[in-house]
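J.: kindly return the folded structure for what I paste below:
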Amino acid sequence: MSTLLYQPRRRALSLTALIDVVFILLMFFMLTSSFTRWKAVDLQSPVASNSTAADVPQLILLQADGALKLHDSELSLAHFSELHAQHLSHFKPTQATLVLPAADTDLQTMIAAIEQLQQLGLTAVTLGNALPASAPSATQTQGSAL
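T.: Numbering: from 1, shown residues only. Got it, this is the predicted structure:
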């Protein structure tokens with residue numbers, strides 16, 4: 001006959017504290033997440049290229065601010081986003097195109113410029129070595145040799 005006079009009650013879990021924890025976790029993951037769009041960009045390697053060694057690629061000089069200049073051509077734009085279908089006459093769409101970024105050009109600018117060139121219709125666009133910091137800019141004369 002041992003009946004307990006005091007039976008401990010099960011304490012209910014507080015939903016307010018649980019909601020606070022979920023809200024804090026949600027805020028943490030939202031603030032630490034990056035919402036940039038990641039895409040794959042096809043780059044042509046010299047080994048996999050269909051062009052012969054005698055073909056000289058089209059050289060495009062890309063500056064850190066997005067300025068773009070087609071080497072040995074009068075095409076010079078303040079930003080690569082200004083490339084449109086009317087500029088296609090300056091390019092040879094079937095010839096390999098080599099994008100040479102300036103030394104301080106960030107990766108997102110390079111990828112966006114390559115995507116813009118591919119949307120223009122250039123099929124063999126690849127990324128070349130970065131220009132040295134002392135290289136002539138895209139706004140200088142085109143007489144410099146690369």
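
J.: report the strands that pair with the helix or strand bottoming out on mean pLDDT in the chain, each with its relative direction.
T.: Scoring the helices and strands of the chain by mean pLDDT, DSSP states H and E places strand 76-77 at the bottom, with a mean of 78. Paired with strand 76-77 in the same sheet, following DSSP bridges, are strand 68-70 (antiparallel).

J.: show the average pLDDT along the partner strand.
T.: Strand 68-70 carries an average pLDDT of 83.

J.: could you do stretch 98-107 as well?
T.: On average, stretch 98-107 scores 86.

J.: chain center to it: distance?
T.: With C-alpha atoms, centre = their mean, to the nearest Å as the basis, stretch 98-107 stands 11 Å off its chain's centre.

J.: end to end on that stretch, go ahead and measure it.
T.: Distance across stretch 98-107, first residue to last, is 16 Å (C-alpha to C-alpha, to the nearest Å).

J.: ok, back up a step: which elements pack onto the helix or strand just after the least confident helix or strand of the chain?
T.: Downstream of strand 76-77, the first helix or strand assigned by DSSP states H and E is strand 97-101. In terms of contacts (3 or more C-beta pairs under 8 Å, 6 or more residues apart in numbering; DSSP states H and E), strand 97-101 is packed against strand 58-62, helix 107-120, strand 125-127. C-beta: built from backbone N, CA, C; applies to glycine.

J.: neighbours of the closest residue to Ala113 other than its chain neighbours, how many?
T.: In space, and not counting its chain neighbours, Ala113 is closest to Phe80: 4.2 Å by C-beta to C-beta, 6 or more residues apart in numbering. By the criterion of other C-beta atoms under 10 Å, Phe80 has 22 neighbours.

J.: report the contact partners of Phe80.
T.: Applying C-beta atoms under 8 Å, 6 or more residues apart in numbering to Phe80 gives the contacts 62, 66-68, 109, 112-113, 116-117.
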